[in-house]
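Engineer: Build me a model:
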Amino acid sequence: MERTGPTVRISGLLATCTAAVLAAGALVATAPAASAADVDVARNGGFEAGLDGWSCTAGSGAVVSTPVRGGTAALRGTPAGNDNAKCSQAVTVKPNSRYTLSAWVQGSPVYLGATGTGTTDVSTWTQSTGAWKQLTTSFTTGPSTTSVSVYTHGWYGTPAHYVDDLALVGPGGDPVVLPAVPAGLRTTAVTSSSVALSWNAVSGATGYNVYRGGTKVATAAGPSATVTGLAASTAYSFQVTATNAAGESAKSAALTATTTAGGGGGDTKLPARALVGYLHSSFANGSGYTRMADVPASWDVINLAFGEPTSVTSGDIRFSLCPVAECPNVESEAEFKAAIKAKQAAGKKVLISIGGQNGQVQLASTAARDAFVTSVSKIIDTYGLDGLDIDFEGHSLSLNTGDTDFRSPTSPVIVNLISAVRTLKAKYGSDFVLTMAPETFFVQLGYQFYGSGPWGGQDPRAGAYLPVIHALRDDLTLLHVQDYNSGPVMGLDNQYHSMGGADFHIAMTDMLLAGFPVAGDTSRVFPGLRPDQVAIGLPASTHAGNGHTSPAEVSKALNCLIKKTDCGSYRTHGTWSDLRGLMTWSINWDRFNNWEFSRNFSAYFGR
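Structural biologist: Numbering: from 1, shown residues only. Next up is the predicted model:
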């Protein structure tokens with residue numbers, strides 16, 4: 001959030017991944033001749049049957065009619081962002097057997113390899129563009145290996161490449177049969193927003209799919225999974241299937257589990273449609289100072305901007321009203337406290353917002369964590385506030401090298417923040433209101449990039465809010481990502497979306513509600529939040545921030561997300577009728593702009 005007037009800070013661009021390409025094999029002109037008993041055990045290696053038998057990441061693979069090396073079709077792989085256009089196939093093989101893998105490729109670099117061999121996985125790659133070239137490599141399977149995965153892929157940020165006439169030559173493997181239906185489906189833990197499941201392992205299965213109400217919601221490598229993003233006090237029906245190279249089993253018998261009471265917004269008594277705004281209480285800028293008593297009744301949640309630290313790493317947060325010299329019309333402390341009580345008596349929530357553009361907060365030590373809890377508690381108690389808004393920006397949150405899984409963070413600034421907020425929640429109870437206002441760089445960008453990446457070189461702040469949101473989802477009242485001061489961000493349609501119109505808000509909000517694989521890793525999916533936990537963050541006027549959206553475009557975004565109309569070209573992954581509402585920076589700027597933002601919100605929802 002901006003403390004200044006029209007001057008805008010735009011999030012930094014993610015550093016380009018600069019990891020060196022490592023040679024893993026040699027380019028060989030001709031594959032060795034196969035013995036008479038050997039056969040090609042790969043399926044549809046010429047891609048004449050389209051992508052039958054192949055699985056490609058993020059829709060990166062397509063079958064084309066030109067260029068081709070043989071027949072009438074070839075595979076085109078198109079890397080994009082953090083996706084290297086990997087296409088793979090599980091192939092049945094025999095144990096203790098020698099196999100030769102080959103393919104014709106065009107482009108550079110193009111990789112060919114095999115994993116799960118039971119001995120040493122192999123790969124090779126071409127280092128030059130131009131005419132079709134044959135890649136080949138060999139391996140021997142392990143004593144219990146019956147299936148291997150063969151694959152091709154390109155490299156990040158490179159043009160499209162082509163693959164044709166892929167073959168895996170060796171002894172024919174025994175046919176793989178469908179796995180049995182899993183038995184013993186049971187719950188191992190239930191919370192207000194999640195259900196942990198386990199079941200009996202199935203012989204011959206290489207993975208499992210979990211279904212909720214008939215819709216697949218999770219995959220697992222072993223016989224357990226946790227389904228998150230559920231509503232409190234709600235019954236859900238679950239089933240599970242087993243998978244392998246032959247396909248998917250039938251669904252198991254259904255299991256009904258009911259989530260517990262409580263959860264993020266369960267006891268906070270917000271209206272079904274809420275309007276959230278930031279009030280410049282500790283400083284003045286071009287919008288002018290607005291007294292608490294003068295905030296219109298249309299605002300349901302009022303975030304006091306800002307509580308700021310005595311130093312970046314102290315964790316000691318301070319808040320005070322704007323000095324008279326800076327804000328001549330500022331009210332007294334007594335008047336301010338009385339106005340807060342009046343708002344609360346009218347059903348409004350008043351929170352302290354920590355951070356903002358200038359308030360960098362790094363809880364790098366347990367001492368800073370404890371100081372944060374103590375000082376924030378003092379602010380809440382002094383002014384009789386309802387809760388906390390986390391508006392950490394800039395370099396407040398970042399991920400240490402090697403911290404790659406949002407589900408189990410290890411970076412101290414992340415771990416200590418989560419711990420501090422949990423302590424505050426436990427201290428104040430179920431009525432404690434917790435909101436967050438991250439920038440898109442720290443949330444939705446995580447679809448492509450997370451932290452410094454598997455090879456380093458990326459901005460370590462990318463996606464850094466995701467572990468905080470995920471760990472606190474059961475305590476979270478509202479997440480209102482700032483859909484402004486943002487560069488273009490890739491949505492779930494794998495297209496880039498730019499701020500300023502309905503499309504950006506539709507795509508960014510759909511990601512929060514549907515969930516998404518983090519850094520393209522389908523084994524690490526950030527689960528969607530409940531619609532009542534999400535509000536759309538926008539600037540109140542053209543003066544408030546870069547990316548202002550006109551009232552007409554805001555209405556289109558709401559129509560699409562709530563009613564699935566006016567969606568334009570983006571196809572949402574659901575109809576989110578319980579979407580909580582809107583957030584804006586700021587109440588002061590809305591007043592400066594003749595209350596256009598709040599008047600449009602009230603008109604749209606008939607309030």
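Engineer: Now do the helices for the chain: every range, in order, please.
Structural biologist: 333-345, 366-383, 412-428, 466-471, 502-514, 551-558, 587-592, 596-604 (DSSP state H).
Engineer: can you pull the buried residues of the longest one?
Structural biologist: It refers to helix 366-383. Neighbour-count burial for helix 366-383 flags Ala368, Arg369, Asp370, Ala371, Phe372, Val373, Ser375, Val376, Ser377, Ile379, Ile380, Tyr383 (criterion: 16 or more other Cβ atoms under 10 Å). In short, each C-beta sits where N, CA and C put it, glycine included.
Engineer: Contact partners for the closest residue in space to the second one that isn't next to it in sequence?
Structural biologist: If you skip the residues right next to it in sequence, Arg369 has Asn416 as its closest partner in space, 3.9 Å away by Cβ to Cβ, 6 or more residues apart in numbering. Asn416 makes contacts with Leu363, Ala364, Ser365, Thr366, Ala368, Arg369, Phe372, as judged by Cβ atoms under 8 Å, 6 or more residues apart in numbering.
Engineer: can you pull out the strands in the stretch 151-300 of the chain?
Structural biologist: All strands of the stretch 151-300 of the chain, identified by DSSP state E, counting those that start in this stretch, fall at 161-170, 186-190, 195-198, 207-212, 215-220, 224-227, 235-244, 247-248, 255-258, 274-280.
Engineer: which one of these is the most hemmed in?
Structural biologist: Highest mean neighbour count among the strands of the stretch 151-300 of the chain (mean count of other Cβ atoms under 10 Å): strand 274-280, with a mean of 26.
Engineer: other SSEs contacting that one?
Structural biologist: strand 301-309, strand 581-585, helix 587-592, helix 596-604 (3 or more Cβ pairs under 8 Å, 6 or more residues apart in numbering; DSSP states H and E).
Engineer: name the helices or strands packed onto the shortest one?
Structural biologist: Packing partners of strand 581-585 (3+ Cβ pairs under 8 Å, 6+ apart): strand 274-280, strand 535-539, helix 596-604.
Engineer: hmm, 10 Å instead?
Structural biologist: With contacts taken as 3 or more Cβ pairs under 10 Å, 6 or more residues apart in numbering; DSSP states H and E, strand 581-585 sits against strand 274-280, strand 301-309, strand 478-479, strand 535-539, helix 551-558, helix 596-604.
Engineer: Is it correct that Leu466 is in contact with Pro517?
Structural biologist: No: counting by Cβ atoms under 10 Å, Leu466 sits too far from Pro517 to count as a contact (11.5 Å).
Engineer: and for the two, which residues touch both?
Structural biologist: Gly446, Tyr447, Arg524, Phe526 (Cβ atoms under 10 Å, 6 or more residues apart in numbering).
Engineer: out of the residues you listed, which are inside strands?
Structural biologist: Arg524, Phe526 (DSSP state E).
Engineer: ok, which pair from the shared contacts of Leu466 and Pro517 is furthest apart?
Structural biologist: Farthest-apart pair in the shared contacts of Leu466 and Pro517 is Tyr447 and Arg524; separation 11.4 Å (Cβ to Cβ).
Engineer: Give me the common contacts of these two.
Structural biologist: Leu466, Pro517, Val518.
Engineer: With respect to Ala257, which of those residues is nearest?
Structural biologist: Pro517 (24.8 Å).
Engineer: Retrieve the pLDDT associated with the closest residue to the closest one other than its chain neighbours.
Structural biologist: Spatial nearest neighbour of Pro517, excluding adjacent residues (Cβ to Cβ, 6+ apart): Val525 at 5.1 Å. We have a pLDDT of 87 for Val525.
Engineer: got the contact list for Val525?
Structural biologist: Val217, Ala218, Thr219, Thr228, Phe406, Arg407, Gly515, Phe516, Pro517, Val518.
Engineer: Pick out the lowest-pLDDT one from those.
Structural biologist: pLDDT across the contacts of Val525 is lowest for Thr228, at 76.
Engineer: Surely it and Ala189 touch.
Structural biologist: No: in this structure, Thr228 is not within contact of Ala189 by Cβ under 10 Å, at 11.3 Å.
Engineer: Overlap in contacts, the two.
Structural biologist: Counting by Cβ under 10 Å, 6+ apart, the common neighbours of Thr228 and Ala189 are Val195, Ala196.
Engineer: and Thr158, how many residues sit next to it?
Structural biologist: By other Cβ atoms under 10 Å, the residues close to Thr158 number 18.
Engineer: swap that for Pro109, sorry
Structural biologist: Pro109, neighbours per other Cβ under 10 Å, totals 18.
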